[in-house]
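Enquirer: Predicted structure and sequence below. I'll ask about it afterward.
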Amino acid sequence: MKTDNRQQLVSQLRELGVQSGDVLMLHASLRKLGLAKSQGVEGGAELLIDALDEAVGPGGTLLMVLGTDYPLDHVNFRPVAERAALLKGMAPFDYLSAKVLPEVGWVAEVFRTRPGTVLSKNPSGRFGARGARAGELVRDQPWNDYYGPGSPLEKLCRWGGRVLRLGADPETVTVLHYAEYVAKVPDKRRVRWDYVLEQGHVWIECLNDYDGIVKWEGDDYFALITKEYLAQRRHREGPVGAAIAELCDAADLVEHGAAWMERTFTSR
């Protein structure tokens, strides 16, 4: 039965437009797909990744954002001047073996621990990739500005990769963080994340990927950008499991997102 379910998912992915050799960034909701444990399905995440591996084939590559579940993350919401004292004497954090951010979801955690998945070496913007170009995709990720030039997101766009959304919420489109770097917006807000690693107290500086590159009072602007993009029908759409899935060209989505930010943030 599980084989039948996998083959059905593969067939739906093919109908959507997923091809052998694709480079895909994945965002998925097991609940929307009808594959959640709470819906009586055991091993739904494993089944989904099996289907995706088969759909892109041995020449394809899958990418997911993972983040890290950092037990001292609350310190990063205190003033920078206080952080060294708060972190003094704390045990080092092994971000390479850490679980994913809880809000990223169970699919990402199963993806992280799956044999063959390669992880990037950044405690904040940690990615996982699997497949033919996985090592190349996550290699040499910048320490600072980990979503910017040289990042897996930039490579995804440059390589003609696509974003596969399987019932994911509209604000969960990580490639739009790269659009924040591309967008010509003045005075972008930046942020610093502090960690205690094996080498001691370190920090990372980047555009503000927590609450935006500008002060913004409206709805989540990633959601607004995604909804506008989908309304323009520049993507492919179809059923996968119980969800309506979307397959978007990553570079086109970034171009649209950057133009939206330039138009919206510079006219306020």
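Expert: Looks like it came in fine.
Enquirer: bridging residues for the residue positioned nearest the centre of the chain?
Expert: In the chain, the C-alpha nearest the mean C-alpha coordinate belongs to residue 65, at 3.3 Å (Cα atoms, centre = their mean). Residue 65 has the following beta-bridge partners by DSSP bridges: residue 127.
Enquirer: Report the contact partners of it.
Expert: By Cβ atoms under 8 Å, 6 or more residues apart in numbering, the contact list for residue 65 reads 25, 104, 108, 125, 126, 127, 174. In short, each C-beta sits where N, CA and C put it, glycine included.
Enquirer: which one of those has the most neighbours?
Expert: Counting neighbours by other Cβ atoms under 10 Å, the top entry in those is residue 127, with 29 neighbours.
Enquirer: That residue against residue 67, yeah?
Expert: No. When contacts are counted by Cβ atoms under 8 Å, residue 127 is not listed as touching residue 67 (9.2 Å).
Enquirer: Please give me every residue in contact with residue 209.
Expert: Applying Cβ under 8 Å, 6+ apart, the residues near residue 209 are 125, 147, 177, 180, 191.
Enquirer: what about 6 Å?
Expert: Neighbour list for residue 209: residue 177 [criterion: Cβ atoms under 6 Å, 6 or more residues apart in numbering].
Enquirer: buried residues in the lowest-mean-pLDDT helix or strand in the chain?
Expert: Sorting the helices and strands of the chain by mean pLDDT, DSSP states H and E puts helix 2-16 at the bottom, at a mean of 91. Across helix 2-16, burial judged by 16 or more other Cβ atoms under 10 Å covers 5, 6, 9, 10, 12, 13, 16.
Enquirer: next one: stretch 217-226
Expert: Here stretch 217-226 shows 221, 222, 223, 224, 225, 226 as buried, counting by 16+ other Cβ under 10 Å.
Enquirer: start to end distance for that stretch?
Expert: Chord length of stretch 217-226, first to last residue, is 18 Å (Cα to Cα, to the nearest Å).
Enquirer: What lies in contact with it?
Expert: Applying Cβ under 6 Å, 6+ apart, the contact partners of stretch 217-226 are 170, 171, 173, 176, 257, 260.
Enquirer: Kindly report the same for stretch 8-15.
Expert: By Cβ under 6 Å, 6+ apart, stretch 8-15 touches 51, 54, 55, 238, 240.
Enquirer: Take stretch 95-113, keep the C-alpha atoms, and write them as PDB.
Expert: Below are the C-alpha coordinates for stretch 95-113, written out as PDB (Å, rounded to 0.1, in the frame of the first residue of the first chain):
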ATOM      1  CA  TYR A  95      24.600  23.200  15.500                       C
ATOM      2  CA  LEU A  96      25.600  20.500  13.100                       C
ATOM      3  CA  SER A  97      23.700  17.900  15.000                       C
ATOM      4  CA  ALA A  98      20.900  20.100  16.300                       C
ATOM      5  CA  LYS A  99      17.300  19.600  15.400                       C
ATOM      6  CA  VAL A 100      15.600  22.000  13.000                       C
ATOM      7  CA  LEU A 101      13.700  25.000  14.200                       C
ATOM      8  CA  PRO A 102      10.300  23.700  15.400                       C
ATOM      9  CA  GLU A 103       8.400  26.100  13.200                       C
ATOM     10  CA  VAL A 104      10.100  24.700  10.100                       C
ATOM     11  CA  GLY A 105       8.200  21.400  10.600                       C
ATOM     12  CA  TRP A 106       8.600  17.700  10.800                       C
ATOM     13  CA  VAL A 107       9.300  17.100   7.100                       C
ATOM     14  CA  ALA A 108      12.500  19.200   7.500                       C
ATOM     15  CA  GLU A 109      13.600  17.200  10.600                       C
ATOM     16  CA  VAL A 110      13.100  13.900   8.700                       C
ATOM     17  CA  PHE A 111      14.900  15.400   5.700                       C
ATOM     18  CA  ARG A 112      17.800  16.500   8.000                       C
ATOM     19  CA  THR A 113      18.300  13.000   9.500                       C
END
